[in-house]
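> just to be clear, the model below is a prediction. Sequence and coordinates:
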Amino acid sequence: MTVRRSPALRLGVTLATCTALLLSAGCASDEGSTAGGSTGGGGTTIKEGLNVAFLPKQVNNPYFTVSDNGGKTAVEEFRGEYKEVGPSEASASSQVSYLNTLSQQGSDVIVVSANDPNAICGAVNQARQGGAKVVTFDSDTNKDCRDLFVNQVTGQGIAENQVKLISEAIGGAGKVAILSATANATNQNAWIELMKTELKKPEYSKIELVTTVYGNDDDQKSFQETQGLLASYPDLKGIISPTTVGVAAAARYLSGSEYKGKVALTGLGTPNQMRDFVKDGTVKSFALWNPADLGYLAAYAGAALASGIITGKEGEKFTAGKLGEYTVGPDGVVVLGPPTVFDSANIDQFNF
Ligand code: RAM
């Protein structure tokens, strides 16, 4: 985990106190509520009392529980008002009514993981016209309809990681399939396209991607789609599931089937959902970023926008509490950092 040096010392927090509290909310709190590198709209201080709402793809997904709680930590640090609202299903337009309500309530910052690149743009624009700053995190809208996108890892980084992990797991040759989230998901669709390009590299010439199926980030549907994959492709060597819901459901299916240990599985999963399947030999390794850090960074990005510290232009810098300084990249994207690979050697060190 990267913890960059923060500007706490500028704020009169003693070195001893801050060193002791560097990883705690207490230290970050003092930083966050008064700091922020300013190269943007002129302000240097996060305003107190900002209303910050998190709108995940779906609320009953442990990944979003962790990421949104990271957001809550940040909002408490800069003394804002936090709330989380959202649909139980990750369907394309399921977030529109929530956005409309948040607009009516006069939210200062809306942090949303979009189920579809276009379906929520009308509602997002309305919220912005009403004065809200809208930060997408995890899964973007199209770039014209939000202020910033906080990306977990570059798409290229995820594609390289996922293809490498499946290649290692199947010994570099054989048929593989992708079990994705919803068919419209901006994040998974971008990663899948980049994985296809990655698979064209000479070192992966013996790997054939046979199909992509969609479990809709629904546990049962993902389970059935995995079953269907094995029925349709009895010689399948591996599955990549770049969704926490999909990879956990696929692992559960494989671990109780004749394919356990024969068909490899990797993807993007939370350690707590995958632990049993790593320990029982169903899964060798998988990856993810720290979802709590992602939510935390997104909340700080939204607060920096709403406080006039940044406007969303490339090159602007802001401070995200304990995570330190970030710079806005091209197309209004801020990148959290590289993913972590989990396997039997390190999985017990993580609890999310
Ligand atoms: C699921 C969601 C989310 C994605 C993770 C990896 O929880 O689809 O958008 O980032 O998986």
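Everything's here; your move. Numbering: from 1, shown residues only.

> what does the stretch 251-352 of the chain put close to the ligand?
By C-beta under 6 Å from any ligand atom, the part of the stretch 251-352 of the chain that sits against the ligand consists of residue 268. C-beta: built from backbone N, CA, C; applies to glycine.

> run through the stretch 251-352 of the chain and note the low-pLDDT ranges.
For the stretch 251-352 of the chain, no stretch is flagged by pLDDT under 70.

> burial of the residue of it found nearest the ligand, as a residue count?
Using C-beta to the nearest ligand atom, the closest approach of the stretch 251-352 of the chain to the ligand is made by residue 268 at 3.9 Å. Using other C-beta atoms under 10 Å, residue 268 is surrounded by 27 other residues.

> which residues does the most centrally placed residue in the chain contact?
Nearest to the mean C-alpha position of the chain, by C-alpha atoms, centre = their mean, lies residue 138 at 3.6 Å. Neighbour list for residue 138: 56, 57, 67, 113, 150, 152, 187, 294 [criterion: C-beta atoms under 8 Å, 6 or more residues apart in numbering].

> phi, psi for it please.
phi 70, psi -60 (degrees, to the nearest 10).

> okay, and the beta partners of the residue of the stretch 251-352 of the chain closest to the ligand?
Taking DSSP bridges, one obtains residue 287 as the residues bridged to residue 268.

> you'd agree it is up against residue 248?
No. Applying C-beta atoms under 8 Å as the test, residue 268 and residue 248 come out as separate, 10.4 Å apart.

> restricted to strands, list the contacts of residue 138.
Residues of the contacts of residue 138 located in strands (DSSP state E): residue 150.

> and the least confident of the contacts of residue 138?
Lowest pLDDT of these: residue 152, 95.

> what is the neighbour count of that one?
The burial count for residue 152: 25, using other C-beta under 10 Å.

> what about the helix or strand containing residue 101, distance to the chain center?
Using DSSP states H and E, residue 101 sits within helix 96-104. Its chain's C-alpha centre and that of helix 96-104 lie 22 Å apart, by C-alpha atoms, centre = their mean, to the nearest Å.

> can we start the residue count at 50 from this point?
Got it, the first residue is 50 from now on, which makes the last one we talked about helix 145-153.

> now it: mean pLDDT?
97.

> SS state for residue 226?
Of the three states, residue 226 takes strand under DSSP: H, G, I helix; E, B strand; the rest coil.

> contacting residues for it?
With C-beta under 8 Å, 6+ apart, residue 226 has these contacts: 258, 259, 260, 261, 262, 278, 282, 285, 287, 288, 289.

> still on that earlier bit, keeping just the C-alphas, turn the helix holding residue 150 into PDB.
Extracted in PDB, the C-alpha atoms of helix 145-153 (Å, rounded to 0.1, in the frame of the first residue of the first chain):
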ATOM      1  CA  VAL A 145     -31.700   7.800 -12.700                       C
ATOM      2  CA  SER A 146     -34.400   8.200 -10.100                       C
ATOM      3  CA  TYR A 147     -31.800   8.400  -7.300                       C
ATOM      4  CA  LEU A 148     -29.900  11.100  -9.200                       C
ATOM      5  CA  ASN A 149     -33.100  13.100  -9.600                       C
ATOM      6  CA  THR A 150     -33.800  12.900  -5.900                       C
ATOM      7  CA  LEU A 151     -30.300  13.900  -5.000                       C
ATOM      8  CA  SER A 152     -30.600  16.900  -7.300                       C
ATOM      9  CA  GLN A 153     -33.800  18.000  -5.700                       C
END
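
> show me what counts as buried in it.
145, 147, 148, 151, 152 (16 or more other C-beta atoms under 10 Å).

> also stretch 245-256?
For stretch 245-256, by 16+ other C-beta under 10 Å, it's 247, 248, 253, 256.

> tell me which element residue 306 is part of?
Going by DSSP H and E, residue 306 is not part of any helix or strand.

> the closest residue to it other than its chain neighbours: neighbour count?
Counting by C-beta to C-beta, 6 or more residues apart in numbering, residue 279 is the residue found nearest to residue 306 once chain neighbours are left out, at 7.3 Å. For residue 279, the neighbour count with other C-beta under 10 Å is 20.

> tell me where the stretch 200-349 of the chain has helices.
204-219, 235-247, 268-281, 293-304, 320-328, 340-355 (DSSP state H, counting those that start in this stretch).

> ok now the second one, how far from the chain's centre?
If I follow you right, that is helix 235-247. Using C-alpha atoms, centre = their mean, the offset of helix 235-247 from its chain centre is 15 Å.

> the fourth one too?
Using C-alpha atoms, centre = their mean, we find the averaged C-alpha position of helix 293-304 to lie 19 Å away from the chain's own average C-alpha position.
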